[in-house]
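Visitor: Dropping a prediction and its sequence here:
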Amino acid sequence: MIVSLHVATGGAAGALLRSRPLALLLGPALHLAGDQVPHEDIPDRSFEIGSGLVALGLLAARRGPFDPAVLGGAAAAMPDLEHVVPWLRPHGEKLFHRGVGRHGVGVTARTQLLLAGATVGWLLARRG
Ligand SMILES: [Zn+2]
């Protein structure tokens, strides 16, 4: 799944649960679940990181940095850091991405972007 959609689903979970610890715990699980869905990826890494950060930044600006939606969004996006930070996979093995999920088919990148945008928009409108 694209990073911004991970942020959106984690954020929605946090907003609905209204619990910081639950949002933090559930985030990585949601990431794993999301990556199981057959999906297209966006090959542009800086777009991926940038759009994820923008989504998180908007939520933090609107709802405050420690809002459950912000923590949930961050926790759900976190596992993708292992793609970019080498010391998170000291033996070259990824923890959250072990060949799971089908890539290149299924939910298109465009649909994921639309879903992410709609969900983040809903979270921004809804507030804390
Ligand atoms: Zn992932």
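Guide: Right, received. Where do you want to start? Numbers count the residues shown, from 1 in each chain.

Visitor: Write out the residues of the chain neighbouring the ion.
Guide: Asp35, Asp80 (C-beta under 5 Å from the ion). Where you see a C-beta, it was placed from the backbone N, CA and C, and this is true even at glycine.

Visitor: Could you list the low-confidence segments of the chain?
Guide: Segments of the chain classed as low confidence (criterion: pLDDT under 70) are 100, 127-128.

Visitor: Please name the residues that touch the spatially most distant residue from the centre of it.
Guide: Of all residues in the chain, the one whose C-alpha sits farthest from the chain's mean C-alpha position, using C-alpha atoms, centre = their mean, is His91 at 24.6 Å. If you count contacts by C-beta atoms under 8 Å, 6 or more residues apart in numbering, His91 has none.

Visitor: would it count as being in a helix?
Guide: No - secondary structure assignment (DSSP: H, G, I helix; E, B strand; the rest coil) places His91 in coil, not in a helix.

Visitor: how much space between it and Leu81?
Guide: When distance is defined by C-beta to C-beta, to the nearest Å, His91 is 17 Å away from Leu81.

Visitor: now the helices: where do they sit in the protein?
Guide: In order along the chain, the chain carries the following helices (DSSP state H): 3-17, 20-36, 45-63, 68-77, 109-126.

Visitor: So what's the gap between the second one and the chain middle?
Guide: If you compare the mean C-alpha spot of helix 20-36 with that of the full chain, they lie 9 Å apart, counting by C-alpha atoms, centre = their mean, to the nearest Å.

Visitor: In that helix, which residues are buried?
Guide: Arg20, Leu22, Ala23, Leu24, Leu26, Gly27, Pro28, Leu30, His31, Gly34, Asp35 (16 or more other C-beta atoms under 10 Å).

Visitor: Also the third one?
Guide: By neighbour count with 16+ other C-beta under 10 Å, helix 45-63 contains the buried residues Glu48, Ile49, Ser51, Gly52, Ala55, Leu56, Leu58, Leu59, Ala60, Arg62, Arg63.

Visitor: quick check, nearest of those to the ion?
Guide: When these are compared for distance to the ion (C-beta to the ion), Glu48 wins out at 10.2 Å.

Visitor: Apart from its neighbours in sequence, what residue is nearest Trp122?
Guide: Ala12 (7.6 Å; C-beta to C-beta, 6 or more residues apart in numbering).
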